[in-house]
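Peer 1: Okay, here's the prediction I keep looking at, along with the sequence it came from:
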Amino acid sequence: MVLHNHDEVVLLLGAPGAGKGTQARFLAETLGVPHVASGDLLRVHRQKGTPLGRAAQEYMDRGDLVPDTLVVDMIVDRLDEPDAVRGALLDGFPRTLPQAQALDWRLQQRGGRIRRAIYVEVPTSVLVERLAGRWLCKTCQSTYHEMFNPPMTEGVCDRCDGELYQRSDDRREVVANRVAVYLRDTMPVVERYDCLGVLQRVDGNQSIEAVKAALLNAIGDNEPVPA
Ligand code: AP5
Ligand code: MG
Ligand code: ZN
């Protein structure tokens, strides 16, 4: 089978703490495309102190969404990089209907398409506990959890020996806003892909290994998607 440009665009949708980042690495490797996470890209911009990073800061600290135009430009630029010629696993994008429309437009120009939108479903009540115990690697973005997935050595990444840190937007009050924003702005995006017939639901409220198996199952099916 000949793959055209951006033929392998897969979306990973789900609430804050649903497990998108945790599953993304292996999923991207399986698909043979890069993992493109809007939140990770924005955090790199913040670390570097770029104009985009400075503009995004106040929104992220409150748990609000960064304005669509800024995020769309950032993702479109990322999709132009050579490693994304076949497509990408998008994590955390699109998050609003205008972002979804901008992605459609972009893919139409390239003859690309969204092969699957995978929705990792987790009850809202589970999210706060997951985020409060989360630790991330500063170097490779691997995720850990104090109880559910602890690193072998406290504070150190198993994969790359990088230093682990906690995200400032994982504080309880900010998490509450992130979840509210998700329900208001991103659930319509989930419904949209459901209506378009590309949505695949995966139960995210099971062990990390069980979610992984369910995701493999979800992407294993290569049926053509409805137009
Ligand atoms: P972003 O970085 O995208 O954060 P998020 O969507 O809130 O999602 P998280 O990264 O918090 O959750 P996750 O699903 O990746 O969970 P994880 O795998 O780490 O966005 C941050 C901010 O950037 C936004 O608030 C916004 O300001 C801005 N932004 C980003 N994208 C934007 C966009 N498109 N438009 C506008 N603004 C944007 O897992 C969480 C924890 O649970 C970990 O500790 C993990 O070990 C544990 N865990 C995972 N799976 C399981 C399991 N099955 N069982 C038990 N524990 C588990
Ligand atoms: Mg994440
Ligand atoms: Zn690491």
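Peer 2: That came through, no problem. Ligands and ions are numbered 1, 2, ... in the order given.
Peer 1: List the buried residues for the strand of greatest length in the chain?
Peer 2: Taking DSSP state E as the criterion, the chain has its longest strand at strand 114-121. By 16 or more other CB atoms under 10 Å, the buried positions in strand 114-121 come out as I114, R115, R116, A117, I118, Y119, V120. All C-beta spots, glycine's among them, are computed from the backbone N, C-alpha and C.
Peer 1: could I get those as CSV with distance to ligand 1?
Peer 2: Formatted as CSV, these follow (distance: CB to the nearest ligand atom, whole Å):
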residue, distance to ligand 1
I114, 15
R115, 19
R116, 17
A117, 14
I118, 12
Y119, 12
V120, 7
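Peer 1: Nearest to ligand 3 among those residues?
Peer 2: Nearest to ligand 3 among the buried residues of strand 114-121: V120, at 22.0 Å, using CB to the ion.
Peer 1: Tell me if W135 really is in a strand.
Peer 2: Yes - looking at W135 with DSSP: H, G, I helix; E, B strand; the rest coil, it is inside a strand.
Peer 1: How about the secondary structure of the one residue in the chain that gets nearest to ligand 1?
Peer 2: Nearest to ligand 1 in the chain, going by CB to the nearest ligand atom, is G39, at a distance of 1.9 Å. Here G39 is recorded as helix under three-state DSSP.
Peer 1: next one: L13
Peer 2: Assignment for L13 (three-state DSSP): strand.
Peer 1: Not counting its neighbours along the chain, what's nearest it?
Peer 2: The spatial neighbour of L13 that comes closest, neighbours along the chain excluded (CB to CB, 6 or more residues apart in numbering), is Y119 at 4.7 Å.
Peer 1: Which positions in this protein make contact with ligand 1?
Peer 2: Contact residues, the chain versus ligand 1 (CB under 6 Å from any ligand atom): 14, 16-22, 38-39, 42, 59-60, 63-66, 71, 92-93, 95, 99, 130-131, 133-134, 143-145, 148-149, 169, 178, 207-208, 211.
Peer 1: out of those residues, who's near ligand 2?
Peer 2: When contact is defined as CB under 5 Å from the ion, the residues of the chain next to ligand 1 meet ligand 2 at K20, G21.
Peer 1: Next, work out how far apart G19 and E29 are.
Peer 2: According to CB to CB, to the nearest Å, G19 and E29 sit 16 Å apart.
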